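Asks: Fold the following and give me the result.
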Amino acid sequence: MSQIDQLNKAFESRVRLGIMSMLMVNDWLDYKTIKEQLALTDGNLASHVNGLEKLEYIEVRKRFIGKKTNTSYKITPLGKQAFQSHINALEKLINQL
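Replies: Here you go, the predicted structure:
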């Protein structure tokens, strides 16, 4: 298997790379923070977090703060492992050059 085959297709998108990178270093992040930091539209962010949630790479928490809904995200142990493996494969690929 080549180094390129070890890359995870779930992280090919720059948006997913950004989301996972943010969640690797933060416990919980809310929707608004991710949206602002990555300069995303609601639809773009929603589609990517839905995809990551289906893969069980992130956990979603919905709650109320006062009368407003608040949606937050946390990376799962499976997500951490998958993302770290992807980063390791990228590093190996770069070091091969």
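
Asks: name the element residue 81 belongs to?
Replies: In the assignment (DSSP states H and E), residue 81 maps to helix 77-96.

Asks: Tell me how far that helix lies from the chain's centre.
Replies: 13 Å (Cα atoms, centre = their mean, to the nearest Å).

Asks: any idea how far the residue sitting nearest the centre point of the chain is from residue 75?
Replies: Central residue of the chain (Cα atoms, centre = their mean): residue 20, 2.7 Å from the mean position. According to Cβ to Cβ, to the nearest Å, residue 20 stands 7 Å off from residue 75. Glycine gets a C-beta too; all of them are placed from N, C-alpha and C.

Asks: tell me the strands in the protein, going along the chain?
Replies: Using DSSP state E, the strands of the chain run over 29-30, 58-65, 68-75.

Asks: export those strands to TSV and tack on distance to residue 37, mean neighbour count and mean pLDDT?
Replies: Formatted as TSV, these follow (distance: least, Cβ to Cβ, whole Å; neighbours: other Cβ atoms under 10 Å; pLDDT from 0 to 100):
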stretch	distance to residue 37	mean neighbour count	mean pLDDT
strand 29-30	8	16	96
strand 58-65	15	12	94
strand 68-75	12	16	95
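
Asks: so which of those comes closest to residue 41?
Replies: Evaluated with Cβ to Cβ, these place strand 68-75 nearest to residue 41, the distance being 15.5 Å.

Asks: and that closest one, what other elements does it pack with?
Replies: On a contact count with 3 or more Cβ pairs under 8 Å, 6 or more residues apart in numbering; DSSP states H and E, strand 68-75 meets helix 14-24, strand 29-30, helix 31-38, strand 58-65.

Asks: got the ones you listed as a markdown table, with distance to residue 84 columns?
Replies: Converted to a markdown table, the helices and strands packed on strand 68-75 look like this (distance: least, Cβ to Cβ, whole Å):
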| stretch | distance to residue 84 |
| --- | --- |
| helix 14-24 | 8 |
| strand 29-30 | 18 |
| helix 31-38 | 20 |
| strand 58-65 | 15 |
